[in-house]
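Undergrad: Structure, please.
(chains A, B, C and D)
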Protein chains: 2
Amino acid sequence: MRMAELSAEAGVPVPTIKYYLREGLLPQGVRTSATQARYGDAHIRRLRVIRALVDAGVSVAGVRKVLATLDEPPHEVADLLGAAHAAVAPRGDDGIPLADARRLAERLGFRPGACEPERLTDVARALDSLDRAGFVIPPDVMTAYLEGVRTIARAEIAGVPVDTPEEAVRYVVLGTTLAEPLLLALRRMAEQIAAVERFPSDT
Amino acid sequence: MRMAELSAEAGVPVPTIKYYLREGLLPQGVRTSATQARYGDAHIRRLRVIRALVDAGVSVAGVRKVLATLDEPPHEVADLLGAAHAAVAPRGDDGIPLADARRLAERLGFRPGACEPERLTDVARALDSLDRAGFVIPPDVMTAYLEGVRTIARAEIAGVPVDTPEEAVRYVVLGTTLAEPLLLALRRMAEQIAAVERFPSDT
DNA sequence: ATCATTGGATAGTTTCACTATCTAAATTAG
DNA sequence: CTAATTTAGATAGTGAAACTATCCAATGAT
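TA: This is a model prediction of the structure:
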């Protein structure tokens, strides 16, 4: 298929496709001459993934990393997760004290080496941000956060398909990145529902 | 205190403070003459909140909404949540089919009127994005998502302080917005820990 | 008295994700 | 076989967002 058809099929404008080609998000088509190339279904599928990731708030640089991981996956699940997480985690200065973050990790069942230092830093940064705003999370709520994310993470990891490596890679990499907006949206919905349960029609 | 001191105290550059003043995020100081003004502790606290929100990925327009809600809070908790959610939820086209989102809402204990239509739309958009990427969330995992967010949301709503309205407003508005990065970071950490539990050192 | 500082206005910068234009070559329609 | 259309590739431009810099006249501190 030619670029115009690819564009129509995936619902992405031609200049944007050219941009993704330039940025290395989309592989080159098969060249048929010096100024012509053909694209296949793989290009359509990849374009859909790119758009979903961009929708999910992943930067173009992050998308490039995610796709690179899909293309050349590491052999260990932990490294797979690490690559996916690196693409969505906010970049930031380190040097933040990790004590509180480490305590939370232990409550999640952390054992030395069980997670990358970057993940501790992410948590520490989020805690620091809350702290600087003068906001304190009540202990009960923090406990619920840990229980909630453990429930979620265990099910996600239990759901990793083990039949084929390709499926596993796709599941882990896309699942961790694309589910973030869903989880946040579900939380907002659950909050409103819980609020009505506790404060019924205080009109 | 003068602007230079405010800047030093809050760790925000003077031009940025001026920008926040222009944008209406920070209230004017008390004028002492035509070209002078004084700032107080409230300005420091507010600057810290602004930075925390910006850190958390909230846009300046969103921060403006959050602060406006803090300043003039609605009387009902649901409206409070709605205002906080409106500031962080991604803006988007509607017209997305809500059937799947509504089904999830029902599994969370939804009753008519229990949450704003915008929250359904948020969920629907996230589902649609996953769908367009060709990504399917296994039923067990979705069940865990619902259980996890319900645990989290119930604890959050149960933790709303009822002694003073000011505290309640601050808790709800800042808690819903500032905790998002923490939850995502905790989830990433929990995923890595769960992965090591399930796939121990597949070196 | 004088000299750095301030508020306010205006303009410039950086980054990001596109979007538009141009050119020469190549396909396709007639 | 010619003419219109399409394409790849290069380069440049756009618009939004969040700052950042520069002026200026008027203060305020010394």
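
Undergrad: Please count neighbours and contacts with C-alpha atoms only from this point.
TA: Will do.

Undergrad: Now residue A:25. Nearest residue, chain neighbours left out?
TA: Distance criterion Cα to Cα, 6 or more residues apart in numbering or on different chains; nearest residue to residue A:25, sequence neighbours excluded, is residue A:64 at 5.5 Å.

Undergrad: quick one: that neighbour is in a helix?
TA: Yes: secondary structure of residue A:64 (DSSP: H, G, I helix; E, B strand; the rest coil): part of a helix.

Undergrad: That one - how many residues pack around it?
TA: 19 (other Cα atoms under 10 Å in any protein chain shown).

Undergrad: Just name whatever secondary elements the helix or strand harbouring residue A:181 is in contact with.
TA: Taking DSSP states H and E as the definition, residue A:181 sits inside helix A:165-198. Helices and strands touching helix A:165-198, as assessed by 3 or more Cα pairs under 8 Å, 6 or more residues apart in numbering or on different chains; DSSP states H and E, comprise helix A:41-55, helix A:60-71, helix A:77-88, helix B:77-88, helix B:117-132, helix B:139-158, helix B:165-198.

Undergrad: can you tell me which of these comes nearest to DNA strand C?
TA: DNA strand C sits nearest to helix A:60-71 of all the helices and strands packed on helix A:165-198, at 4.0 Å, using Cα to the nearest atom of the strand.

Undergrad: Run the contact check for that closest one versus DNA strand D.
TA: No: judged by Cα under 7 Å from any atom of the strand, helix A:60-71 stays clear of DNA strand D, getting no closer than 12.8 Å.

Undergrad: Could you list the buried residues of that helix?
TA: Judged by neighbour count (16 or more other Cα atoms under 10 Å in any protein chain shown), helix A:60-71 contains these buried residues: A:60, A:62-67, A:69-70.

Undergrad: Stretch A:129-145 now?
TA: A:129-130, A:132-133, A:135, A:137, A:141-145.

Undergrad: same deal with stretch A:14-22?
TA: So, applying 16+ other Cα under 10 Å, buried residues of stretch A:14-22: A:17, A:20.

Undergrad: That one and DNA strand C in contact?
TA: Yes: interface with DNA strand C: stretch A:14-22 contributes A:15-16, A:18-19 (Cα under 7 Å from any atom of the strand).

Undergrad: Figure out how far stretch A:195-203 is from the centre of its chain.
TA: In this view, stretch A:195-203 has its centroid 34 Å away from the chain centroid, taken as Cα atoms, centre = their mean, to the nearest Å.

Undergrad: brain fart, stretch A:11-29
TA: Centre to centre, stretch against its chain (Cα atoms, centre = their mean), the figure for stretch A:11-29 is 21 Å.

Undergrad: got the end-to-end distance for it?
TA: End-to-end distance of stretch A:11-29 (Cα to Cα, to the nearest Å): 18 Å.

Undergrad: Now tell me what touches it from outside.
TA: A:3-4, A:7, A:37-40, A:43, A:46-47, A:50, A:63-64, A:67 (Cα atoms under 8 Å, 6 or more residues apart in numbering or on different chains).

Undergrad: are any of these buried, and which?
TA: A:3, A:7, A:39, A:43, A:46-47, A:50, A:63-64, A:67.

Undergrad: Would you point out the most distant pair within the buried residues of stretch A:129-145?
TA: A:132 and A:144 (22.3 Å; Cα to Cα).

Undergrad: In chain A, what residue lies closest to chain B?
TA: Going by Cα to the nearest Cα, chain B is nearest to residue A:148 of chain A, at 4.0 Å.

Undergrad: and that residue, what does it touch?
TA: Listed by Cα under 8 Å, 6+ apart, the contact set of residue A:148 reads B:147-152.

Undergrad: let's go with 7 Å and repeat that
TA: Residues near residue A:148 by Cα atoms under 7 Å, 6 or more residues apart in numbering or on different chains: B:148-149, B:151-152.

Undergrad: Equivalent analysis for residue A:171, please.
TA: Per Cα under 7 Å, 6+ apart, neighbours of residue A:171: residue A:160.

Undergrad: cutoff 10 Å now
TA: By Cα atoms under 10 Å, 6 or more residues apart in numbering or on different chains, the residues touching residue A:171 are A:70, A:156-157, A:159-161, A:165, A:177, B:135-138.
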